[in-house]
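K.L.:
With the input below, show me the fold.
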Amino acid sequence: MKEALSKRIFSLANKAIGLILFIVCAAAIYSKVTTTDNIEKYGANIKEQFLKISFSQWALLLALFFFNYLVEAIKWKQVLKNLNPISILQSLKAVLVGQAFAFFTPVRSGDYVGRILFLAPENKLKGLAQMAWASYAQLLITLGMGTLALFFNLPFLPWLKWLMPLVTTAAILLYFSKGQYKGWLSKLTSLQISNELKIQLVFLSLLKYCIFILQYTWVVKILAIPIAPVNLWLALAVLLMCLSVLPAIALSDLVIRGQLIVLLLAPWYSNSLMLICLSTIVWTVNFLLPAIIGCFLLLGFRIKR
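P.N.:
Numbers count the residues shown, from 1 in each chain. Next up is the predicted model:
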């Protein structure tokens, strides 16, 4: 009873924090977008730049989206290799359906539910644990890159640059821990995976991270935003680290992402409207598009069942 109550309180707290972040960031972005000076100064320029983007440039962005999710599908296939072997196509379908569920759930937790739909009933519970390892590997890369970037780009909360190395080190040690638990935690031992697989997941997560950064870099190029790549990468590393620890659903994630990128890139670029366009394009390609595809795949799955 107490455990159920604590879980409910934790869930409500997460939603409350996410709602507060959404309101604050939405208000800030609304203020920036609707400022008359901003619209008069940058509106025509943004429209002109969008008209210059060619079909091939959009096609390359979509190709990066495909490779991004292909790497994620390979990660999912690898963690299921011994538990519930699946083809790369089945893995890709599961990942996209997971995105459909994740779109409306706090901290994208619905991703777990969507993916295990494709597993055999007896493997669903352990499948959740296996996916947690893949997510953990991605978190390690995000924390590691963000921790390095904090020493070069952080316009707020300067104490984070000293705290995050400790957090990242602890996360790495926990990830590679043998996990030989005893007593009531002994069941966790059976959920361990090999160090070889853990290392594979870390390398795949790094590849996925690089593709994601490359997507932002490409959109910056096609929007002709004059920011040096190194400054952009440092800001993005901090952005992704912040997003990985903030509770939000996909819709509020768009707003929070937009406000953070404006804040982090402000020292090098003052056109906040263009930065919000940058964030929105990447969010649409990486989260809205796969969620829509996942919905159609889920419809086909339901019809077959």
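
K.L.:
Chain neighbours aside, what residue packs nearest to residue 74?
P.N.:
Closest residue to residue 74 apart from its sequence neighbours, by CB to CB, 6 or more residues apart in numbering: residue 204 at 6.1 Å. Heads up, the C-betas are built off the backbone N, CA and C, glycines and all.

K.L.:
Helix or strand for the one you found, just tell me which one.
P.N.:
Take DSSP states H and E as the rule and residue 204 turns out to sit in helix 195-222.

K.L.:
thinking again about what came up before, I'd say the residue nearest to residue 74 and residue 137 touch.
P.N.:
Yes. Contact status for residue 204 versus residue 137: in contact at 7.4 Å, counting by CB atoms under 8 Å.

K.L.:
Now for these two: what residues contact both?
P.N.:
Taking CB atoms under 8 Å, 6 or more residues apart in numbering as the contact rule, residue 204 and residue 137 both touch residue 75.

K.L.:
okay, the two: which has more neighbours?
P.N.:
Set residue 204 next to residue 137 and count neighbours by other CB atoms under 10 Å: residue 137 wins out with 24 against 20.

K.L.:
Not counting its neighbours along the chain, what's nearest that one?
P.N.:
Counting by CB to CB, 6+ apart, the residue nearest residue 137 is residue 201, at 3.7 Å.

K.L.:
Report the buried residues of the strand or helix carrying residue 239.
P.N.:
Element membership of residue 239 [criterion: DSSP H and E] is helix 229-245. Buried residues in helix 229-245, counted by 16 or more other CB atoms under 10 Å: 231, 232, 233, 234, 235, 236, 237, 238, 239, 240, 241, 242.

K.L.:
Next, format those residues as a markdown table and append pLDDT and distance to residue 270.
P.N.:
Shown next, in a markdown table, are the buried residues of helix 229-245 (pLDDT from 0 to 100; distance: CB to CB, whole Å):
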| residue | pLDDT | distance to residue 270 |
| --- | --- | --- |
| 231 | 88 | 14 |
| 232 | 90 | 15 |
| 233 | 90 | 20 |
| 234 | 89 | 18 |
| 235 | 88 | 14 |
| 236 | 90 | 18 |
| 237 | 90 | 22 |
| 238 | 87 | 19 |
| 239 | 86 | 18 |
| 240 | 88 | 23 |
| 241 | 87 | 24 |
| 242 | 81 | 21 |
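
K.L.:
rewinding a little: residue contacts, the residue nearest to residue 74?
P.N.:
By CB under 8 Å, 6+ apart, the residues touching residue 204 are 71, 74, 75, 78, 137.

K.L.:
Show me what the strand or helix carrying the third one is packed against.
P.N.:
By that I understand residue 75. Here residue 75 sits within helix 55-79, counting by DSSP H and E. Under the contact criterion of 3 or more CB pairs under 8 Å, 6 or more residues apart in numbering; DSSP states H and E, helix 55-79 touches helix 88-102, helix 124-150, helix 195-222, helix 289-304.

K.L.:
Kindly compare burial across those helices and name the winner.
P.N.:
Highest mean neighbour count of these: helix 88-102, a mean of 22 (counted as mean count of other CB atoms under 10 Å).

K.L.:
got the angle for that one vs helix 124-150?
P.N.:
Following axes from the mean of the first three to the mean of the last three CA atoms, to 10 degrees, one obtains 80 degrees for the angle between helix 88-102 and helix 124-150.

K.L.:
contact partners of the helix or strand following helix 88-102?
P.N.:
Next helix or strand after helix 88-102 toward the C-terminus (DSSP H and E): helix 110-116. Residues outside helix 110-116 that contact it (CB under 8 Å, 6+ apart): 76, 94-95, 97-105, 124, 127-128, 131, 294, 298.

K.L.:
mind running it again at 10 Å?
P.N.:
72, 76, 80, 84, 91, 93-105, 123-132, 134-135, 249-250, 291, 294, 297-298, 301 (CB atoms under 10 Å, 6 or more residues apart in numbering).

K.L.:
what sits against the residue lying closest to residue 93 once chain neighbours are set aside?
P.N.:
Counting by CB to CB, 6+ apart, residue 297 is the residue found nearest to residue 93 once chain neighbours are left out, at 5.4 Å. Residues in contact with residue 297 (CB under 10 Å, 6+ apart) are 92, 93, 94, 95, 96, 97, 99, 100, 114, 118, 290.

K.L.:
The third one contacts residue 73, correct?
P.N.:
Yes. Judged on CB atoms under 10 Å, residue 94 makes contact with residue 73 at a distance of 7.8 Å.

K.L.:
Next, show the common contact partners of the two.
P.N.:
Counting by CB under 10 Å, 6+ apart, the shared contacts of residue 94 and residue 73 are residue 86.
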